[in-house]
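[1] Sequence and predicted structure below; questions after.
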Amino acid sequence: MSTKSVSMSYFEIGIYHPRIKGNIGTLWRSAYQLGATGIFTIGSRYKKQPSDCHKTMHQIPLRHYPALDVFLQNRPREAVLVGIETGGTPLVKFTHPSQAIYLLGAEDHGLTNKALEASHHLVGFDTSRSLNVSVAGSIVMYDRRSKARANLEER
């Protein structure tokens, strides 16, 4: 079984203007467990969260960007920006890019038009209502990991 494609890939995940601080810690804990290479916030500073019992910011890089423009100027150039938003391509049909940056919106307003326009792909869920931001991010990361493992097993 070859691991070349897995070792050549990476992903980061972050939240644009997070509103509920507890969601940040929960998302970071999942990010660490599911293999993220970095985590970030845009517009709100991260503070230690009780739900982040792994102290993720000591395990993988944590970045804070004060505004979307700063994030866009400083994200990895080869990484594909994937917005997670209601109405996007259903996750079950989505093929994750090798190098990806996943961007989740605020719990109350989602992603702004500017963030949506900057995204190379939009991914959503086949649900009647929006999901909690940390749950949505965790599902996306789990889906990425599961599909990568399935691709390796096929080889």
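    Nice, thanks for sending it over.
[2] wait, T41 sits on E12?
    No: using CB atoms under 8 Å, T41 is not in contact with E12, being 11.5 Å away. The way it works is simple: take the backbone N, C-alpha and C, and place the C-beta from them, glycine included.
[3] give me the number of residues near the residue nearest to A36 when sequence neighbours are not counted?
    Nearest residue to A36, sequence neighbours excluded (CB to CB, 6 or more residues apart in numbering): I13, at 5.5 Å. I13 has 26 neighbouring residues, counting by other CB atoms under 10 Å.
[4] switch to numbering from 34
    Right, with 34 as the first residue, what we last looked at is I46.
[5] Contacts made by the longest helix along the chain with the rest, please.
    If you go by DSSP state H, the chain has its longest helix at helix 166-187. For helix 166-187, the surrounding residues in contact (CB atoms under 8 Å, 6 or more residues apart in numbering) are 34-36, 38-39, 42, 44, 46, 48, 51, 53, 56-57, 59-60, 63-64, 67-69, 115, 117, 124-125, 127-129, 133, 135, 137-140, 156, 158, 163-164.
[6] where's it relative to the chain centroid, distance-wise?
    Put simply, helix 166-187 sits 11 Å off its chain's centre (CA atoms, centre = their mean, to the nearest Å).
[7] in it, what's buried?
    Neighbour counts over helix 166-187 (16 or more other CB atoms under 10 Å) mark V166, S167, A169, G170, S171, V173, M174, D176, R177, R178, A181 as buried.
[8] again with stretch 149-165
    L149, A151, S152, H154, L155, V156, G157, F158, S163, L164.
[9] right, and the helix or strand after the lengthiest strand in the chain?
    What stands out as the longest strand in the chain, according to DSSP state E, is strand 113-123. Helices and strands here follow DSSP states H and E; after strand 113-123, the next one along the chain is strand 132-137.
[10] Tell me the strands beside that following strand, with direction?
    Strand pairing for strand 132-137, using DSSP bridges, gives strand 43-49 (parallel), strand 113-123 (parallel).
[11] Which of those sits closest to T145?
    Minimum separation from T145 across those (CB to CB) falls at strand 43-49, 7.3 Å.
[12] Quick one: list the elements packing against the helix or strand following the closest one.
    Next in sequence after strand 43-49, counting helices and strands by DSSP H and E, comes helix 54-66. Packing partners of helix 54-66 (3 or more CB pairs under 8 Å, 6 or more residues apart in numbering; DSSP states H and E): strand 43-49, strand 71-75, helix 166-187.
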